[in-house]
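**Q** From the sequence below, what's the structure:
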Amino acid sequence: MATDKIARDQELLSDTPIPPGETIEEEIEFIGMTRQELSVETGIPNQTLVEIIKGITPVTQEIAVALERVLGVSASLLVNLEARYQRTLAQKKEREKSSKAV
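**A** Model (predicted):
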């Protein structure tokens, strides 16, 4: 059934941890800004931006607000993407622990 395939596809997508940094990087590219320029405009250190984009450093409320001011991307969206990313990582880790226990 088509609905079964859609449900499986949605489950697979929800299991894929996607850091909010991917959205940030896409927006930077879309507006033609470099990471260095974004760093200067937001006051966020360049290394921190690199780590956010790679999913190493989380997007905090303060960072989200600074990015919203410069990029126009909703701070709420960025914070929600971060929460979903962290939850997905935790779920993946829990599944891995459960599969090793079996």
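**Q** Enumerate every residue touching the residue nearest the centre of the chain.
**A** For the chain, the residue sitting closest to the mean C-alpha position, by C-alpha atoms, centre = their mean, is residue 20 at 1.5 Å. By C-beta atoms under 8 Å, 6 or more residues apart in numbering, the contact list for residue 20 reads 52, 59, 78, 81-82, 85. No exception for glycine: its C-beta is placed from N, CA and C like everyone else's.
**Q** can you rerun that using 7 Å?
**A** Residues in contact with residue 20 (C-beta atoms under 7 Å, 6 or more residues apart in numbering) are 59, 78, 81-82, 85.
**Q** so where's this structure shaky on pLDDT?
**A** 1-14, 102 (pLDDT under 70).
**Q** the helices in it, which residues?
**A** 2-14, 20-31, 35-42, 46-54, 61-71, 75-101 (DSSP state H).
**Q** Tell me which other helices or strands the last one touches.
**A** Using 3 or more C-beta pairs under 7 Å, 6 or more residues apart in numbering; DSSP states H and E as the contact definition, the elements that helix 75-101 packs against are helix 20-31, helix 61-71.
**Q** quick check: angle from that helix to helix 20-31?
**A** Interaxial angle of helix 75-101 relative to helix 20-31 (axes from the mean of the first three to the mean of the last three C-alpha atoms, to 10 degrees): 140 degrees.
**Q** Could you list the buried residues of helix 75-101?
**A** Within helix 75-101, the residues that count as buried by 16 or more other C-beta atoms under 10 Å are 75, 78-79, 81-82, 85-86, 88.
**Q** just the fourth one next, same as before
**A** Burial within helix 46-54, assessed by neighbour count using 16+ other C-beta under 10 Å, is assigned to 49, 52-53.
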